[in-house]
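# Okay, structure incoming, though there's no sequence with it:
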Ligand SMILES: Nc1nc2c(ncn2[C@@H]2O[C@H](COP(=O)(O)OP(=O)(O)O)[C@@H](O)[C@H]2O)c(=O)[nH]1
Ligand SMILES: [Mg+2]
């Protein structure tokens with residue numbers, strides 16, 4: 001990757017639409033755009049001549065043929081996303097106009113951008129740090145408003161501020177320790193040592209606090225998987241449709257209708273929950289059902305909790321008992337469905353003794369669904385969802401770095417308290433500070449950057 005190359009990409013999704021946006025960034029952005037763009041109207045200017053943050057109207061031409069009529073935004077460095085000269089061309093949507101505009105720019109010297117390369121440049125040019133760059137991807141992929149709010153907080157630098165503070169504290173302690181290594185005759189005074197220890201302990205508690213957000217962060221980013229299980233006809237598909245607020249699964253009085261596994265994401269109190277409507281687990285009567293059962297088993301293995309649907313209008317069956325026993329150890333909610341009908345279901349004592357979360361519902365009318373949503377939220381998310389919590393939600397990369405930082409900071413603290421050699425204390429502190437620095441990208445490797453940015457889409 002040559003940072004002085006000018007890169008280009010279609011920034012909007014491929015397919016037909018009203019508009020498509022082509023983005024160019026780099027030192028030659030205006031020169032290249034000049035070669036393809038003909039201003040139309042007396043106030044319109046060539047990109048090189050246009051003032052920054054203006055929009056020009058004109059045509060994109062190639063070999064003297066008009067490709068499309070466009071609006072062209074001129075954005076001069078450094079007030080741009082990449083901090084490089086940037087041009088954004090809005091052309092007509094649809095695959096062909098966007099592709100031809102792109103081709104015209106490529107022919108005139110731009111290079112096709114790699115996935116995430118615009119954001120990578122924004123990072124390399126100091127516009128955003130690494131945690132903020134990741135937030136850009138989170139923002140694009142967020143599936144609920146809560147997830148979006150969390151991504152926005154991270155993009156605004158809320159996590160970065162705290163991480164930088166933590167790193168500064170570690171560096172300050174390191175500087176103190178190193179100063180004493182340089183003057184081996186002087187012992188650290190008890191006063192100073194107490195202060196250093198206190199600062200380290202505070203740092204470690206703060207790491208613990210951040211680490212506690214990992215679970216919620218994961219839920220908001222990736223969603224949480226819930227398998228809907230129960231015997232045929234219990235009302236699994238009806239319940240899924242109610243939770244989604246639309247008809248997705250086929251509902252039928254004929255047992256065994258849902259042969260394939262259906263996966264859909266619903267917004268449950270702001271949390272993205274991926275519901276999996278499974279086919280029955282045992283009642284295979286033919287090859288297709290057998291395949292359905294195999295897939296159900298697979299999705300069950302990946303599910304983080306279970307919604308077990310029971311038909312409350314029927315007495316308990318052997319199949320119900322098997323399900324109750326099978327998932328006794330899993331996080332689960334028992335949904336007593338069909339409560340509009342006379343109740344004939346009696347739960348076995350051994351199940352009641354386990355005090356599982358239980359909800360009554362009618363999947364025909366939707367009655368009880370709101371309470372079920374609350375129960376789901378309470379099962380996966382401890383406590384209230386407060387807006388301050390959204391300010392920091394670490395991801396698994398941050399979690400890994402913080403775990404390493406915590407281990408070494410702990411070692412350093414214990415060593416300092418035990419008056420061990422200061423060289424050892426310093427070494428651990430340096431490792432801890434570097435690990436914390438990885439989160440915001442103060443210490444990085446090409447491999448790390450590649451793995452982060454390759455997950456982005458092209459044009460971002
Ligand atoms: N009376 C009543 N019928 C229901 C309720 N939920 C589902 N059903 C009916 O039960 C049958 C089986 O439902 P379905 O969702 O396909 O069950 P699945 O096999 O577990 O997916 C259908 O005829 C539904 O209309 C309910 O709450 N009350
Ligand atoms: Mg079904």
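It's in. All figures in this text were calculated on a predicted structure; none of them were measured in a lab. Ligands and ions are numbered 1, 2, ... in the order given.
# how many neighbours does the nearest residue to residue 317 once chain neighbours are set aside have?
Spatial nearest neighbour of residue 317, chain neighbours left out: residue 231 (6.4 Å); criterion: CB to CB, 6 or more residues apart in numbering. No exception for glycine: its C-beta is placed from N, CA and C like everyone else's. For residue 231, the count of nearby residues is 22 (other CB atoms under 10 Å).
# Was I right to think residue 231 contacts residue 320?
Yes - counting by CB atoms under 8 Å, residue 320 is a contact partner of residue 231 at 5.9 Å.
# leaving aside the residues next to it on the chain, what's closest to whichever residue of the stretch 1-150 of the chain sits closest to ligand 2?
Proximity of the stretch 1-150 of the chain to ligand 2 (CB to the ion) peaks at residue 143, 24.0 Å away. Nearest residue to residue 143, sequence neighbours excluded (CB to CB, 6+ apart): residue 272, at 4.1 Å.
# Next, the contact list for the one you found, please.
143, 144, 147, 219, 220, 222, 223, 224, 265, 266 (CB atoms under 8 Å, 6 or more residues apart in numbering).
# can you redo these as a markdown table with distance to ligand 1, pLDDT and secondary structure?
A markdown table is the format used below for those (distance: CB to the nearest ligand atom, whole Å; pLDDT from 0 to 100; DSSP: H, G, I helix; E, B strand; the rest coil):
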| residue | distance to ligand 1 | pLDDT | secondary structure |
| --- | --- | --- | --- |
| 143 | 24 | 89 | coil |
| 144 | 25 | 90 | coil |
| 147 | 29 | 91 | helix |
| 219 | 26 | 88 | helix |
| 220 | 29 | 88 | helix |
| 222 | 26 | 88 | helix |
| 223 | 22 | 90 | coil |
| 224 | 21 | 92 | strand |
| 265 | 19 | 91 | strand |
| 266 | 16 | 92 | strand |
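# domain parsing for the chain?
What automatic domain parsing lists as the domains of the chain is 7-128, 132-213+393-441, 222-380.
# Now do the end-to-end distance for the last one.
Which is domain 222-380. End-to-end distance of domain 222-380 (CA to CA, to the nearest Å): 13 Å.
# rewinding a little: give the burial count for the residue of the stretch 1-150 of the chain closest to ligand 2, as a bare number.
Residue 143 has 18 neighbours, counted by other CB under 10 Å.
# What of residue 399?
Count around residue 399 with other CB under 10 Å applied: 18.
# my guess is it contacts residue 212, does it?
No - Residue 399 is beyond contact range of residue 212, at 10.3 Å (criterion: CB under 8 Å).
# Residues in contact with both of the two, list them for me.
With CB under 8 Å, 6+ apart, residue 399 and residue 212 have no common neighbours.
# buried ones in whichever helix or strand residue 119 is part of?
According to DSSP states H and E, residue 119 maps onto helix 117-124. Judged by neighbour count (16 or more other CB atoms under 10 Å), helix 117-124 contains these buried residues: 117, 118, 119, 120, 121, 122, 123, 124.
# starting at the chain centroid, how far to that helix?
Remark: helix 117-124 is offset 19 Å from the chain centroid, using CA atoms, centre = their mean, to the nearest Å.
# Show residues contacting the helix or strand following that helix.
Using DSSP H and E, the helix or strand that follows helix 117-124 in sequence is helix 130-141. Contacts to helix 130-141, defined as CB under 8 Å, 6+ apart, come from residues 116, 119-120, 122-123, 128, 147-148, 150-152, 154-155, 157, 159-160, 163, 221, 395, 397-398, 438-441, 444, 452-453, 455-457, 460.
# any weak-confidence spans in the stretch 151-300 of the chain?
Scanning the stretch 151-300 of the chain for pLDDT under 70 picks out 184, 255-260, 279-285.
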